[in-house]
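Q: got a sequence here, can you model it:
(one chain, ligands or ions: 2)
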Amino acid sequence: MGGALAAVLVAVGVAVLVHAGLLLPSWVDWNAAQVEADLDGDGAEEVLGLSGRRMQVVETDGSVSQAPQEWKVSDAFAVDVDGDGLLEVVALVWKRGSFGPSRPFWIEKDNQGYSQHVFVLRYADGGFDQVWLSSDIRMDARKAWFDDDARLHLVTLDGQESIWTWGEWGFVLVE
Ligand SMILES: [Ca+2]
Ligand SMILES: [Ca+2]
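A: Ligands and ions are numbered 1, 2, ... in the order given. Okay, the predicted model is just below:
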């Protein structure tokens, strides 16, 4: 009896934490991938890898560069989003806080819950340069993919699809 009540309370507690964004939701598909691509444009192919929620690049000499541990990466792509001939790394990321390193001046304190973000990075000199980091995308994006025109498709948990294209500065919603 006591055990059952405790189990119910634990379940309710977990639901509250998930709702508040303090835990990662259970519906997230954590993809695994190994993509060979010349990410830094030096003529040699690196391997963009995704496993166990971590993203990394393995160089031809075996050296490994990992994305920050606080980024929980559910999917990652090597795609030329801005059409300049160099590949970007695009990652669908869960992280704590709605904003990146800089937040709007009127926000005194970023929240500590998990939210979902699209990060556009360039791999160069053995590290990830930040090209564009979205704030909280405010949707439950379960699936992401790129079409042949380098447009980003996001499909939400309830099946709604949105299409994003690279604007002058960052992805903008097209439909
Ligand atoms: Ca390379
Ligand atoms: Ca590019």
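
Q: beta-bridge partners for the residue lying closest to Glu59 once chain neighbours are set aside, please?
A: Leaving aside its sequence neighbours, Glu59 sits nearest to Glu46 (CB to CB, 6 or more residues apart in numbering; 5.6 Å). Using the backbone N, CA and C atoms, a C-beta is placed for each residue, glycine as well. With DSSP bridges as the criterion, Glu46 is bridged to Ala37.

Q: could you check the pLDDT of Glu46?
A: pLDDT, the model's per-residue confidence, is 97 for Glu46.

Q: kindly report the same for Gly13.
A: Reading off the model, Gly13 has pLDDT 67.

Q: go on, Ser135?
A: For Ser135, the model assigns a pLDDT of 87.

Q: that one: how many residues sit nearby?
A: Ser135: 15 surrounding residues under other CB atoms under 10 Å.

Q: how about Gly49?
A: Gly49 has 18 neighbouring residues, counting by other CB under 10 Å.

Q: how about the longest strand anywhere in the chain, does it reach ligand 1?
A: For the chain, the longest strand by residue count, based on DSSP state E, is strand 114-124. No. Using CB under 5 Å from the ion, strand 114-124 never reaches ligand 1; the gap is at least 8.0 Å.

Q: who's in contact with Glu50?
A: Careful, residue 50 is Leu and not Glu. 31-34, 56, 73, 75-76 (CB atoms under 8 Å, 6 or more residues apart in numbering).

Q: in terms of helices and strands, where is it?
A: Using DSSP states H and E, Leu50 falls within strand 46-51.

Q: ok, back up a step: give me the subset of the contacts of Leu50 that lies in strands.
A: Using DSSP E, those in strands are 33-34, 56, 73, 75-76.

Q: tell me how far the residue nearest to Gln66 when sequence neighbours are not counted lies from Val79.
A: Excluding the flanking residues, the one nearest Gln66 by CB to CB, 6+ apart is Gln56, at 4.5 Å. Going from Gln56 to Val79 by CB to CB, to the nearest Å gives 18 Å.

Q: give the ChimeraX command for selecting the buried subset of the ones in strands among the contacts of Leu50.
A: To isolate the buried members of the ones in strands among the contacts of Leu50 in ChimeraX, using 16 or more other CB atoms under 10 Å:
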select :56,73,75,76
